[in-house]
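[1] Next input, structure requested:
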Amino acid sequence: QATPLARITTEYNVFVLPANSPMKTMADVVAQLKKDPGSVKWGGGSRGSTEHIAAAMIAQKVGADPSKINYVAFRGGGEATAAILGGNVTVGGSGYSEFAPYIADGKMKAIAVTSAQRLPGINVPTLKEQGIDVEIGNWRGVYGAPGITPEQRKALTDMVLAALKSPSWAEQLKKNDWTPAVLSGDAFAKFVDDDFASLRAIMAKSGMV
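    Just a heads-up that it's a prediction; the model follows:
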């Protein structure tokens, strides 16, 4: 088993409606979801992706059956984008950067982000501020080889943390719209275990695994 060193970034999801949707807000989506979970067609990345899990978490939190959600998995962002623009799904989900140009052009209406607080420079409400206690991000971390010594783990972690303070890393964060989410040592190892357990539980309830 690989040795967790540090979490470095998180990309949060945004949920959008097609511009011509009769729905206007996440509250509209939730009302329909409670009435008939299968009638809300969610579109996003592969089965088990963060947007798929987020849709199941939303259903669970609002009292709908997560195993009854109607999720359409697309092979790539282009397919999902086309389905949303064409009105072939009710709600679309992806990392914010994927949909940003279409949101800016008014071709998609952003109704919620999955972060704990609003994303900087993005005026889209979180799920939490809309009364839905869901927070999920697609985080990235760095791992060491299995069985390394505590000294090796510390040395590698220190190298990673030093690299994260470099100007070139700051440039990459800005260029890719990544949110810094630095966590290291035992706190990161605990986060990995807790995150895996909670995600596995919702994936089991919704029939993904």
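
[2] Residue 91: neighbour count?
    Residue 91 has 27 neighbouring residues, counting by other CB atoms under 10 Å. For glycine as for every other residue, the C-beta is placed from the backbone atoms N, C-alpha and C.

[3] now swap in residue 146 and tell me
    Residue 146, neighbours per other CB under 10 Å, totals 8.

[4] Contacts only, for it.
    1-3 (CB atoms under 8 Å, 6 or more residues apart in numbering).

[5] out of those residues, which are inside strands?
    The members of the contacts of residue 146 that map onto strands under DSSP state E are residue 3.

[6] Of the contacts of residue 146, grab the buried ones for ChimeraX.
    Typed into ChimeraX, the line below selects the buried ones among the contacts of residue 146, using 16 or more other CB atoms under 10 Å:
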select :3
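
[7] Now flag whichever of the contacts of residue 146 is closest to residue 162.
    residue 3 (18.2 Å; CB to CB).

[8] residue contacts, that closest one?
    So residue 3 contacts 143-148, 153 (CB under 8 Å, 6+ apart).

[9] In the beta-sheet assignment, what are the partners of it?
    residue 144 (DSSP bridges).

[10] What does the pLDDT read for it?
    We note a pLDDT of 96 for residue 3 in this prediction.

[11] Which among the contacts of residue 3 count as buried?
    Counted by 16+ other CB under 10 Å, the contacts of residue 3 give 144, 153 as buried.

[12] Which two of the contacts of residue 3 have the greatest separation?
    By the measure CB to CB, 143 and 147 form the most distant pair in the contacts of residue 3, at 12.3 Å.

[13] Tell me where this protein has helices.
    Ranges of helices in the chain, per DSSP state H, are 26-35, 50-61, 77-85, 96-104, 150-163, 167-176, 185-205.

[14] which one of the contacts of residue 146 is nearest residue 20?
    residue 2 (46.2 Å).

[15] do you know how far the closest residue to the closest one other than its chain neighbours is from residue 171?
    Using CB to CB, 6 or more residues apart in numbering and skipping residues adjacent in sequence, the residue nearest residue 2 is residue 143, 4.0 Å away. Using CB to CB, to the nearest Å, residue 143 is found at 24 Å from residue 171.

[16] Mean pLDDT per helix and strand in this structure: which one sits at the bottom?
    helix 77-85 (a mean of 90; mean pLDDT, DSSP states H and E).

[17] so where is the chain shaky, pLDDT-wise?
    Residue ranges of the chain with pLDDT under 70: none are present.
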